[in-house]
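Novice: dropping the sequence and predicted coords here.
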Amino acid sequence: MNHVIFSAAVMMMTVMFVSCAGPAGPGIFSGSGDIGDTALPGRVVYDDDWDTYTITASGDNMWAGRDDLHFVWKKMSGDLALAADIEWIGEGTDPHRKACLIIRQSLDPGSVCCYAALHGDGLTCLQYREFRGGDTREIRISAALPRRVTIEKRGAYYSLLFDSEDSGGVPAGGSCRLDLEEPFYVGLGVCAHTNSTLETAMFSRVAVRQLEPVPDSLTTLESTLETISIASLNRRVVCHTDGRLEAPNWSPDGTTLIFNSDGLLYRISAGGGRPERIPTGFAGRINNDHGISPDGRQLVISDQSETGSSLIYTLPFAGGIPKRITPLGPSYWHGWSPDGKRLAYCAERNGNYDIYTIPVTGGTETRLTTAEGLDDGPDYSPDGNYIYFNSARSGTMQIWRMRPDGSGQTQITEDDDNDWFPHPSPDGKWLVYVSFAKDVPAGDHPPDRDVMLRLLNLETREVTVLARLLGGQGTINVPSWAPDSRELAFVSYQRR
C-alpha cells in the first residue's frame, strides 16, 4: 500500500482513538496503553470500515528484562492463534523498531511473554522471556519480510508461522516453552527502539482463534534443525521440515551440518539451505549415532542394514562405501579420539550395555565400564585426557567421566533429572547435555518429551539452561559443537 495515500485516507475515515485501558476497546480488543518507559504517549487508531489497527509508539526497546511499547490487548485462556498482516508506515529511524503479535502474563514491563516480532529491517523472529525480569531470548527464522505473521500457543509451547492464509500458515520452525497462568494478555504492540521518536505500524486482517486440542495420532511431526549461541542463548533456524530429523554434527571447518533422517544421512550448509543426501552405499538403516573425524576427512555411522543389529562403519566425508569397524553388534558410535586413532561407543554384550573403544582401523574392542545397568554416550575431551559418558549406576542417569583406559570413573552431575549425552566443547571449557524429567525411566531416552539443554561450566561447575524444548532422542545424541565453541547445533520438535 502507498503510505502517503493511506495516511490521507485515514483522515477521511471514521476512526477510534484509544490511548488508555477502558471499558470500550478498539475492535476485537478490550483496551490499550503504554507499557514501560515511553517518553512520548502512544496511541492506536482503529478503522472500523477497513478493520485495521494503526499503532504509534515510542519506547527504548523490547529486550533484556523489560519491554517499552504501546500495547493493544484482550485477556484470553487456552490454546490460540493470533494472526495479522503487518506493514510499517514510513521509512523509520531505527532498523530495530518492532511491530509484534504478543502473548504476555501481565502489563508489567518485565512480564513473562512471547511475541512474534517484525523488525524495521525485515528481521522476523520469535522472542520470549521465561521469567519475570529475566533476559529476553530469540529464535530467528530464515524468511524476511513475511506478508503475514501468526503466533500460536499450544499448551506450554509457542511458535511462529508466516505467510498464512486460511490454512493457518507455514511454520517458521522452533518453539519456546513458557509457564503462563490463565488468563493472560493477547494483542498487538509497537516499540520505536528510540524513545524520543514515534514509529507507526498498521495491522490488518487481524484474527484471533481458539485452537481445539488434537490427539497426537492426528498431528504431524515437525523437526527444526537449530543453532544456539552460548553467549546470548539466542537461537537460529537452519532447516524446518515435516518428519523426523536427528542428531546434527558440525564439521571441523564450520561450514556444514550432518544429520540423519529415515535411515539416511544428509548434509546442509550451517547457514541454511537445501539438504543434500550423502551417498552411503548399502547402508540405508543409519541411526542417530554418527559423526565426523577430527581432520574432517571421514564419517562414522551406526547402521543395521547388514545384520539387523547396529554396527559401526567409516566412510569418506563426501560419501562412499562403508567399511565395517566393529565385529559385534549392537554397537552405537558416540566419540572419536582427538588424535583420530580410536572410536568410543556404547555396546550391548551378554545382556549389559557398557562403554567400549576400538582402533579406527578395526580390531579388538576394549571394554571400559563394567557397572550393572546402562552406560552410554561416550565422548572424548578435546585434550584426549577424559571420556565423558552417562550412567544409570547411581539410580538416575547422570554424567560421569573416566580416563581413556577406563580408570578414575567419577560422577560429574548429581540432580533429580536424568542427564544424557554429554559433549565437551572444542575449547574444553563447557559440557552440554540433555536432561529428561525424573519421571522418565533412567535407562530410557524417548523422543518428543519436555527436555532441557543444559550447559556445564567445567571450571566453576555452574549449570545454565540453554533451552527448554520438545525433544530428547535425536536432539543432541552426538557431538554438535561449532569448531569455535561459540554455538551448538540441535534438533527440536513440534506436533501440529
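Specialist: Here it is on my side, so go on.
Novice: now the helices for the protein?
Specialist: 3-12 (DSSP state H).
Novice: make sure residue 78 is actually in contact with residue 210.
Specialist: Yes - using C-beta atoms under 8 Å, residue 78 makes contact with residue 210 at a distance of 5.8 Å. (C-beta placed from N, C-alpha, C; glycine too.)
Novice: neighbour count winner among the two?
Specialist: residue 78 (13 against 10; other C-beta atoms under 10 Å).
Novice: mind listing what that one touches?
Specialist: Shown in contact with residue 78 (C-beta atoms under 8 Å, 6 or more residues apart in numbering): 182, 210-211.
Novice: repeat for residue 464
Specialist: 233, 454-455, 457.
Novice: can I get those in CSV with neighbour count?
Specialist: Below are the contacts of residue 464 laid out as CSV (neighbours: other C-beta atoms under 10 Å):
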residue, neighbour count
233, 17
454, 21
455, 20
457, 12
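Novice: between these, which is nearest residue 404?
Specialist: Among the contacts of residue 464, residue 457 lies closest to residue 404 (C-beta to C-beta), at 23.1 Å.
Novice: for the closest one, list the residues it contacts.
Specialist: Going by C-beta under 8 Å, 6+ apart, residue 457 touches 429-430, 463-464.
Novice: could you redo the last one with a cut-off of 7 Å?
Specialist: If you count contacts by C-beta atoms under 7 Å, 6 or more residues apart in numbering, residue 457 has them with 429-430.
Novice: separation between residue 68 and residue 29?
Specialist: 20 Å (C-beta to C-beta, to the nearest Å).
Novice: hmm, I was thinking of residue 204
Specialist: Residue 204 sits 14 Å away from residue 29, going by C-beta to C-beta.
Novice: then residue 266?
Specialist: Taking C-beta to C-beta, one finds residue 266 at 45 Å from residue 29.
Novice: more neighbours, these two?
Specialist: residue 29 (22 against 19).
Novice: just checking, the more buried one touches residue 75?
Specialist: No - under the criterion of C-beta atoms under 7 Å, residue 29 makes no contact with residue 75, lying 9.9 Å away.
Novice: okay, now the unreliable bits of this protein?
Specialist: 1-24, 143-144, 164-168 (pLDDT under 70).
Novice: care to break it down by domain?
Specialist: The chain is divided into the following domains under automatic domain parsing: 3-210, 216-495.
Novice: end-to-end on the longest one?
Specialist: Which is domain 216-495. Distance between the two ends of domain 216-495: 7 Å, counting by C-alpha to C-alpha, to the nearest Å.
Novice: would you map the strands across the stretch 301-450 of the chain?
Specialist: Assigned strands in the stretch 301-450 of the chain, in chain order: 311-316, 323-324, 331-336, 342-349, 352-359, 366-367, 375-380, 387-391, 398-402, 410-411, 418-424, 430-436, 449-457 (criterion: DSSP state E, counting those that start in this stretch).
Novice: and the angle for the first one with strand 331-336?
Specialist: This points to strand 311-316. Between the axes of strand 311-316 and strand 331-336, defined by axes from the mean of the first three to the mean of the last three C-alpha atoms, to 10 degrees, the angle is 50 degrees.
Novice: next one: strand 311-316 to chain centre, how far?
Specialist: Its chain's C-alpha centre and that of strand 311-316 lie 29 Å apart, by C-alpha atoms, centre = their mean, to the nearest Å.
Novice: what sits up against that strand?
Specialist: 280, 283, 298-304, 321-326, 329, 331, 333, 343, 345, 360.
Novice: quick check on these: which are buried?
Specialist: Buried members of the contacts of strand 311-316, counted by 16 or more other C-beta atoms under 10 Å: 280, 283, 298-304, 322, 325-326, 329, 331, 333, 343, 345, 360.
Novice: out of the strands of the stretch 301-450 of the chain, which gets nearest to residue 255?
Specialist: With C-beta to C-beta as the yardstick, what comes closest out of the strands of the stretch 301-450 of the chain is strand 311-316 (16.7 Å).
Novice: pull out the buried positions in the closest one.
Specialist: For strand 311-316, burial by neighbour count (16+ other C-beta under 10 Å) applies to 311-315.
Novice: same deal with stretch 252-263?
Specialist: 252, 256-261.
Novice: could I get those as a markdown table with distance to residue 157?
Specialist: Converted to a markdown table, the buried residues of stretch 252-263 look like this (distance: C-beta to C-beta, whole Å):
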| residue | distance to residue 157 |
| --- | --- |
| 252 | 34 |
| 256 | 29 |
| 257 | 24 |
| 258 | 27 |
| 259 | 22 |
| 260 | 24 |
| 261 | 22 |
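Novice: wait, which of those residues is closest to residue 237?
Specialist: The closest of these to residue 237 turns out to be residue 257 (C-beta to C-beta; 12.3 Å).
Novice: tell me the span between the first and last residue of stretch 186-203.
Specialist: 14 Å.
Novice: and if you look at stretch 134-151?
Specialist: With C-alpha to C-alpha, one end of stretch 134-151 sits 21 Å from the other.
Novice: run through who's touching that stretch.
Specialist: So stretch 134-151 is contacted by 63-65, 81-86, 101, 103, 114-116, 118, 122-129, 158, 160-164, 169, 172-174, 176, 233-237, 272 (C-beta under 7 Å, 6+ apart).
Novice: which of the residues you listed are buried?
Specialist: Taking 16+ other C-beta under 10 Å as the criterion, what is buried in those is 63, 81-86, 101, 103, 114-116, 118, 123-129, 158, 160-162, 164, 169, 172-174, 176, 233-237, 272.
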